[in-house]
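Engineer: next come a sequence and a model predicted from it.
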Amino acid sequence: MTLKRVGALLFGLGVGLAALSAVVFDPAVAATEAACPDHEPSYAIQAFSLPLSVEYTDGCNTFLLNPLIIGGLLASVGGLAVGVAGVLRASSQ
């Protein structure tokens, strides 16, 4: 297989994994449910930790993002990088 095909396959699998896990499972694995009356949300990433964990907040509640979504995102970015490398390699020959 060429690099372009491997990149396209990895990109497609990553997007599929992220989309399917967001639909089948909840995008937020854990969340605090505090009531915040008259709260104007301002979203911010709070923490990154390994393996594949992202925590974000809306200024009142804290959410933990589904690790499968992060894995799918990383696979998509990796597939995009491999695909671009394949295109650059093919154009240089």
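Structural biologist: Sure thing, it's come through.

Engineer: top helix in this structure by residue count?
Structural biologist: When every helix of the chain is counted residue by residue (DSSP state H), the longest turns out to be helix 67-92.

Engineer: looking at it, V82 is touching R5, isn't it?
Structural biologist: No. When contacts are counted by Cβ atoms under 8 Å, V82 is not listed as touching R5 (9.5 Å). In this view, the C-beta of every residue, glycine as well, is placed from N, C-alpha and C.

Engineer: who's more crowded, those two?
Structural biologist: With neighbours defined as other Cβ atoms under 10 Å, V82 and R5 compare such that V82 has more, 19 against 12.

Engineer: mind telling me what element the residue nearest to that one when sequence neighbours are not counted is part of?
Structural biologist: Residue nearest to V82 in three dimensions, not counting chain neighbours: G7, with 3.6 Å by Cβ to Cβ, 6 or more residues apart in numbering. Here G7 sits within helix 3-24, counting by DSSP states H and E.

Engineer: packing partners of that helix?
Structural biologist: The helices and strands touching helix 3-24, judged by 3 or more Cβ pairs under 8 Å, 6 or more residues apart in numbering; DSSP states H and E, are helix 67-92.

Engineer: and the helix it packs on, which residues are buried?
Structural biologist: Using 16 or more other Cβ atoms under 10 Å as the burial criterion, the residues of helix 67-92 that qualify are 68-73, 75-76, 79, 82-83, 86.

Engineer: just those now: which is nearest A28?
Structural biologist: Within the buried residues of helix 67-92, the smallest distance to A28 is 9.7 Å, found for I69 (Cβ to Cβ).

Engineer: my guess is the closest one contacts A18. True?
Structural biologist: Yes. With contacts counted by Cβ under 8 Å, I69 reaches A18, the gap being 4.9 Å.

Engineer: can you classify F63 as helix, strand or coil?
Structural biologist: F63 falls in the strand class when you classify it by DSSP: H, G, I helix; E, B strand; the rest coil.
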